[in-house]
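**Q** please work out how this folds:
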Amino acid sequence: MKTKIELENGAKITPYIKLSSLFQDARGSSTWRCKFTLKNKRPTFSAEKHENKDKAFITINRKIHKAINDEKIKSKRSTAPTLTQIVTSYFEATPSSLSACQNTRKLNVSALRLVTRGVVAGSDPVIEKQKDGSFKLVSGGFWDNFRLDKLVKKVGKAFLDSRVKGYKEKTDEWYNRAHGANDVLRQAKAVFSKAALSEVYIEQFKMPDLEDKETGFLKVRRLPERRKDWVALSQSVRDQIITKVPTIEKEDVDIYACFLLQYGAGLSWGEVMHSQYSWLGVADRPYEDGSTRYTIKIQPVGDWVPKCARREREI
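**A** Numbering: from 1, shown residues only. Next up is the predicted model:
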């Protein structure tokens, strides 16, 4: 038996099979054949017609070598989309496919940028707001080199661990860091919401399993959190705050306005951040004693949309 097989390019390889493994078809064919296990299957490799056994031995080993290397190349060549392609598709998805508004999409994509930063080399992705209020990925940066099959569970875990590294466990500071890291990871995962996966990406790309129990990015567990029970301020502290209100009104109008909107009108902080002074107006009807009655109208302004439509109320 030959110890080395010479390939067409002059390289030499060790035979994959023995000469004694070759056989001829029982139906009378003179062609030499051999079975070889490849990727959990046993296909039959055939020599050229009329080759004798020694030449068939060389031909079949060459074919096996080519099949093995073609399979290696195929397995290394990822067909998964890049994160640049994913994010571009995410921003461009129509409302009928993805209900998340553009601002929410921007927040989710920015979170994904934080979670994946540093995994592969390259500059940061660049996102720009368009005239119509939508967002566009104008430069993929390191996402150009980041295929989706590389976005695995260990990427999310590494991000979470980095956010609490150096902080003493089970302290308020550690739990605060953990809470913030969990929020960022939650937003990053939202780029791969059920709607995005089933209505957008599946129509364009060959998607890896992001929900695989062992490796799936969407299966990354949150860091433990601890929330303190809220305790109301003591009456003495509340009295101190109230007595300082007239001073705040004179020294800082913005803080005073926030105080009125939250404490006086009961608005949420989100409503306060998107409020306008014109919301505070004189009512058409005064109070029964004749004093002026003011109203505050809560309504979506600009590109802000309240999470609950019932917040469009009048106080």
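**Q** count the neighbours of residue 104 for me.
**A** 14 (other CB atoms under 10 Å). C-beta here means a position set from N, CA and C on the backbone, and glycine is covered the same way.
**Q** so it is in which element?
**A** Residue 104 belongs to helix 102-116 when assigned by DSSP states H and E.
**Q** which elements pack onto that helix?
**A** helix 83-92, strand 126-129, strand 135-139, helix 153-164, helix 172-189 (3 or more CB pairs under 8 Å, 6 or more residues apart in numbering; DSSP states H and E).
**Q** what does that helix contact?
**A** With CB atoms under 8 Å, 6 or more residues apart in numbering as the test, helix 102-116 has contacts from 83, 87, 90-91, 98, 100, 124-125, 127, 129, 133-135, 137, 142-143, 146, 151, 155-156, 159, 184-188, 190-191, 303-304.
**Q** rewinding a little: and of the helices and strands packed on helix 102-116, who's closest to residue 19?
**A** helix 153-164 (46.7 Å; CB to CB).
**Q** need the pLDDT of residue 29.
**A** Per-residue confidence at residue 29 stands at 74 (pLDDT).
**Q** just to revisit the earlier point, out of the contacts of helix 102-116, which are buried?
**A** 83, 87, 90-91, 98, 100, 125, 127, 135, 137, 142-143, 146, 151, 155-156, 159, 184-185, 187-188, 190-191 (16 or more other CB atoms under 10 Å).
**Q** gap between residue 138 and residue 130?
**A** 10 Å (CB to CB, to the nearest Å).
**Q** before we move on, what about residue 114?
**A** 23 Å.
**Q** with neighbour numbers in mind, choose between these two.
**A** residue 114 (15 against 11).
**Q** the more buried one and residue 156, how far apart?
**A** 11 Å.
**Q** intersection of neighbour lists for those two?
**A** residue 188.
**Q** show me the helices in the chain, by range?
**A** For the chain, the helices defined by DSSP state H cover 53-76, 83-92, 102-116, 153-164, 172-189, 194-195, 235-251, 253-259, 269-273.
**Q** which secondary structure elements does the second one contact?
**A** The criterion is 3+ CB pairs under 8 Å, 6+ apart, and the helices and strands that helix 83-92 contacts are helix 102-116, strand 135-139.
**Q** most tightly surrounded among the ones you listed?
**A** The highest mean neighbour count among the helices and strands packed on helix 83-92, using mean count of other CB atoms under 10 Å, belongs to helix 102-116: a mean of 19.
**Q** and the pLDDT at residue 5?
**A** 85.
**Q** could you check how many residues crowd around the residue lying closest to it once chain neighbours are set aside?
**A** Spatial nearest neighbour of residue 5, chain neighbours left out: residue 61 (4.5 Å); criterion: CB to CB, 6 or more residues apart in numbering. If you count neighbours by other CB under 10 Å, residue 61 ends up with 24.
**Q** can you tell me how far residue 61 is from residue 16?
**A** From residue 61 to residue 16 the distance is 6 Å (CB to CB).
**Q** redo the helices and strands packed on helix 83-92 as JSON lines? Include mean pLDDT.
**A** Listed next are the helices and strands packed on helix 83-92 as JSON lines, based on pLDDT from 0 to 100:
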{"stretch": "helix 102-116", "mean pLDDT": "95"}
{"stretch": "strand 135-139", "mean pLDDT": "95"}
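**Q** if we can go back for a sec, now do the same contact list for the residue nearest to residue 5.
**A** Shown in contact with residue 61 (CB under 8 Å, 6+ apart): 5, 13, 15-17.
**Q** at 6 Å what do you get?
**A** 5, 15-16 (CB atoms under 6 Å, 6 or more residues apart in numbering).
**Q** tell me what angle the helix holding residue 104 forms with strand 135-139.
**A** Interaxial angle, helix 102-116 versus strand 135-139 (axes from the mean of the first three to the mean of the last three CA atoms, to 10 degrees): 40 degrees.
**Q** pretty sure residue 44 is touching residue 34, no?
**A** No: applying CB atoms under 6 Å as the test, residue 44 and residue 34 come out as separate, 7.2 Å apart.
**Q** now the strands for the stretch 201-315 of the chain?
**A** 280-282, 294-296 (DSSP state E, counting those that start in this stretch).
**Q** which residues does residue 12 bridge with?
**A** residue 6 (DSSP bridges).
**Q** grab the nearest non-local neighbour of residue 258.
**A** Among residues not flanking residue 258 along the chain, residue 272 sits closest, at 5.7 Å (CB to CB, 6+ apart).
**Q** who are the contact partners of that neighbour?
**A** Counted by CB under 6 Å, 6+ apart, residue 272 has contacts 258, 261-262.
**Q** of these, keep whichever come out buried.
**A** Buried, going by 16+ other CB under 10 Å: 258, 261, out of the contacts of residue 272.
**Q** and which of the contacts of residue 272 is nearest residue 178?
**A** Checking the contacts of residue 272 against residue 178 with CB to CB, the nearest one is residue 262 at 27.3 Å.
**Q** is residue 216 in contact with residue 208, as I believe?
**A** No: here residue 216 does not reach residue 208: they are 8.6 Å apart, not a contact under CB under 6 Å.
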